[in-house]
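Novice: heads up, no residue letters with this:
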């Protein structure tokens, strides 16, 4: 990675978390990013590949798996080789790409799938000034996983620092599991599906209930469902 790429990556990624203010090396900063991203999405493994001087090639930089650093030989791995259809798609679209079944997907490099025991994959471009300077890869070790569109969108928002925080009242799974990554965020307000609980709404509910009961007894039911 060139000195210019390093400076741009450091500047862009240091905005992700206040903890980066105490980091002095690019590797430590990127390692912090992998840990944050893994916790956010709830995956076991997360790694970052940074662009080399050679066009469209990205070398393994840092990563974590189940809370521990990836082995040193990770830095020998390269993304963006001719057989790597996933990275090619990321570079063309500059959008996250999901691989639901890595073993059968023709875009995947088979030797990489076997070595790292990849079953599903989410690859996210790290975009600075319109250029992809790095790749963020996430998966669960030897386990199938479905990455939702919401997870992809939320990660992209976090990566590009498009919003300062979020408040969410409704979730796809309720009650929200105690180990859900949303619970670990310090910039999210979570409420238990209580957005309707206002004086105006309750007043309307009770008025409509009385009206409905009265109309039923009069043989003139209102607000029919069918």
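Specialist: Okay, I see it. Just so you know, these numbers come straight off a predicted model, no measurement behind them. Residues are numbered from 1 along each chain as shown.
Novice: so where's the longest helix in the protein?
Specialist: helix 199-217 (DSSP state H).
Novice: doesn't residue 82 make contact with residue 107?
Specialist: No. Contact between residue 107 and residue 82 fails when scored by C-beta atoms under 8 Å: they sit 11.9 Å apart. In this view, the C-beta of every residue, glycine as well, is placed from N, C-alpha and C.
Novice: Please say which of those two ends up with more neighbours.
Specialist: residue 107 (16 against 8; other C-beta atoms under 10 Å).
Novice: Contacts only, for residue 208.
Specialist: residue 223 (C-beta atoms under 8 Å, 6 or more residues apart in numbering).
Novice: where are the low-confidence patches of the protein?
Specialist: 1-21, 23, 147, 151-152, 154-156, 158-161, 179-181, 184, 225-226 (pLDDT under 70).
Novice: all helices of it, in order?
Specialist: 3-13, 26-41, 85-93, 110-116, 149-160, 199-217.
Novice: need these in CSV with distance to residue 51, can you?
Specialist: Conversion of the helices of the chain to CSV gives the following (distance: least, C-beta to C-beta, whole Å):
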stretch, distance to residue 51
helix 3-13, 6
helix 26-41, 13
helix 85-93, 10
helix 110-116, 18
helix 149-160, 16
helix 199-217, 52
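Novice: For residue 74, which of those is the nearest?
Specialist: Relative to residue 74, the nearest member of the helices of the chain by C-beta to C-beta is helix 110-116, separated by 9.1 Å.
Novice: Check what contacts that closest one and list those residues.
Specialist: 77, 102-103, 118, 141.
Novice: Can you select the buried ones from the residues you listed in PyMOL?
Specialist: In PyMOL, this line selects whichever of the contacts of helix 110-116 come out buried by 16 or more other C-beta atoms under 10 Å:
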select buried, resi 77+102+118
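Novice: Select from the contacts of helix 110-116 every entry located in strands.
Specialist: Residues of the contacts of helix 110-116 located in strands (DSSP state E): none.
Novice: Using a markdown table, please lay out the contacts of helix 110-116 together with distance to residue 201.
Specialist: Output for the contacts of helix 110-116, formatted as a markdown table (distance: C-beta to C-beta, whole Å):
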| residue | distance to residue 201 |
| --- | --- |
| 77 | 54 |
| 102 | 47 |
| 103 | 50 |
| 118 | 47 |
| 141 | 46 |
